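> I'll drop the sequence and a predicted model, then ask my questions.
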Amino acid sequence: MCGRMTQQRPTSELAEIFEAEDLVRAPGGRYNVAPTDDAAVVVQRDDRRAITAYRWGLIPHWSETPNTGNRMFNARAESLDRNPAFRYAFAKRRCLVPADAFYEWQKLDAVRQPYAIIRRDGRPMALAGLWAGWKDEDTGEIIRSFTIVTTSANDRLAPIHGRMPVVIPESAWDRWLDPTRAEGSALAELKGLLVPAEEAWLETYPVSRKVNSVRNDGPELVEPLAPPGVTTTPEAAERPTDQPADPDRPRLFPDA
């Protein structure tokens with residue numbers, strides 16, 4: 001699964017990397033993005049590619065309430081083309097989710113130790129995402145939301161967690177975002193991208209258990225407790241808090 005990530009770069013920098021228009025103009029500096037938060041995503045409609053902000057946790061258009069999205073922050077790659085919640089979005093509404101790091105938790109006896117996963121070359125990861133629009137019939141408000149596609153973990157991540165987000169390589173960004181690839185062999189080709197990332201791309205290291213609480217945010221959350229590649233956990237690490245995502249947490253983006 002993927003339940004936390006960082007978006008440290010300003011959206012102006014992301015716009016340059018993804019060759020997109022910046023519609024958010026957010027400063028970055030986010031080290032503990034969680035489901036129900038708004039986050040920067042890369043979307044494409046026709047020939048226009050943009051960095052915008054959608055709510056994390058996909059709300060299908062047929063949902064009765066937006067609370068459906070609270071549990072749909074991940075979509076399993078193996079079944080998304082058959083799952084009614086994700087099938088249409090996979091065909092028509094794919095996005096990329098920039099992440100400087102994502103977190104996974106390793107169960108160690110009675111505690112869960114968080115790890116940060118980053119790209120070795122320091123560039124942001126482009127996580128495979130799907131998005132949807134949902135309209136509140138009572139107020140007319142439209143909420144655009146997204147989910148992150150996950151697959152089985154590669155050998156580097158498997159000792160930490162059995163699942164990981166799909167990382168789309170730069171060579172496939174255009175194909176993944178292209179809204180005209182909507183059926184048949186084109187979708188089959190895109191599903192072929194939903195595989196574990198190459199181990200050589202990524203680095204993992206343990207971080208403070210402060211990241212377990214969505215109320216904590218700051219660069220100290222991604223500082224390693226041990227050198228990259230070392231998988232032991234210091235005995236002095238903080239006790240976990242394991243607090244769930246807080247739906248009342250202030251949003252850092254305006255509605256988009």
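Good, I have the coordinates.

> what residues does stretch 25-35 touch?
Residues from elsewhere that reach stretch 25-35, judged by Cβ atoms under 8 Å, 6 or more residues apart in numbering: 3-13, 39-40, 53, 56-57, 70, 73, 211, 214, 216-219, 221-222, 245-246, 249, 252-253. Bear in mind the C-beta positions are built from the backbone N, C-alpha and C, glycine included.

> hmm, 6 Å instead?
Stretch 25-35 is contacted from outside by 4-11, 39, 56-57, 73, 211, 214, 217-218, 221-222, 245, 253, using Cβ atoms under 6 Å, 6 or more residues apart in numbering.

> just stretch 84-104 next, same as before
Applying Cβ under 6 Å, 6+ apart, the contact partners of stretch 84-104 are 2, 4-6, 8, 14, 40-43, 60, 75, 80-81, 114-118, 124-127, 129-132, 146, 148, 160-161, 176, 182, 211, 222.

> now list the buried members of these.
Buried members of those, scored by 16 or more other Cβ atoms under 10 Å, are 2, 4-6, 8, 14, 40-43, 60, 75, 80, 114-118, 124-127, 129-132, 146, 148, 160-161, 176, 211, 222.

> would you map the helices across the stretch 51-200 of the chain?
Here the stretch 51-200 of the chain has its helices, by DSSP state H, counting those that start in this stretch, at 87-92, 173-177, 184-191.

> next, the buried residues of the second one.
The neighbour-count criterion (16+ other Cβ under 10 Å) identifies 173, 176-177 as the buried residues of helix 173-177.

> equivalent analysis for the last one, please.
By neighbour count on 16+ other Cβ under 10 Å, the buried set for helix 184-191 is residue 190.

> note down every partner strand of whatever helix or strand comes next after that helix and its orientation.
Where DSSP states H and E defines the elements, the next helix or strand beyond helix 184-191 is strand 202-206. Strand 202-206 sits in its sheet next to strand 111-119 (antiparallel), going by DSSP bridges.

> contacts for the partner strand next, please.
For strand 111-119, contacts defined as Cβ under 6 Å, 6+ apart pick out 101-106, 125, 160, 201-207, 211, 222, 233, 240.

> if we can go back for a sec, save the helices of the stretch 51-200 of the chain as JSON lines, and put in distance to residue 153 too.
Formatted as JSON lines, those follow (distance: least, Cβ to Cβ, whole Å):
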{"stretch": "helix 87-92", "distance to residue 153": "21"}
{"stretch": "helix 173-177", "distance to residue 153": "21"}
{"stretch": "helix 184-191", "distance to residue 153": "18"}
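
> would you map the strands across this structure?
5-7, 21-22, 30-33, 38-45, 48-56, 74-76, 94-99, 101-108, 111-119, 125-135, 142-152, 163-165, 202-206 (DSSP state E).

> Throw the ones you listed into CSV and include mean pLDDT and distance to residue 187, thanks.
Formatted as CSV, the strands of the chain follow (pLDDT from 0 to 100; distance: least, Cβ to Cβ, whole Å):
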stretch, mean pLDDT, distance to residue 187
strand 5-7, 98, 26
strand 21-22, 98, 27
strand 30-33, 98, 29
strand 38-45, 96, 16
strand 48-56, 97, 20
strand 74-76, 97, 14
strand 94-99, 98, 10
strand 101-108, 94, 25
strand 111-119, 95, 27
strand 125-135, 97, 12
strand 142-152, 97, 13
strand 163-165, 97, 20
strand 202-206, 96, 27
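
> before we move on, the earlier item: buried subset of the contacts of strand 111-119?
Among those, those buried by neighbour count (16+ other Cβ under 10 Å) are 101-106, 125, 160, 201-207, 211, 222, 233, 240.

> and residue 105, what is it in contact with?
Residue 105 makes contact with 112, 114 under the criterion Cβ under 6 Å, 6+ apart.

> ok, what's across the strand from it?
Beta-bridge pairing of residue 105 under DSSP bridges involves residue 114.

> give me the nearest residue to residue 133, chain neighbours excluded.
Nearest non-adjacent residue to residue 133, counting by Cβ to Cβ, 6 or more residues apart in numbering: residue 144, 5.1 Å away.

> I appreciate the help and will end here.
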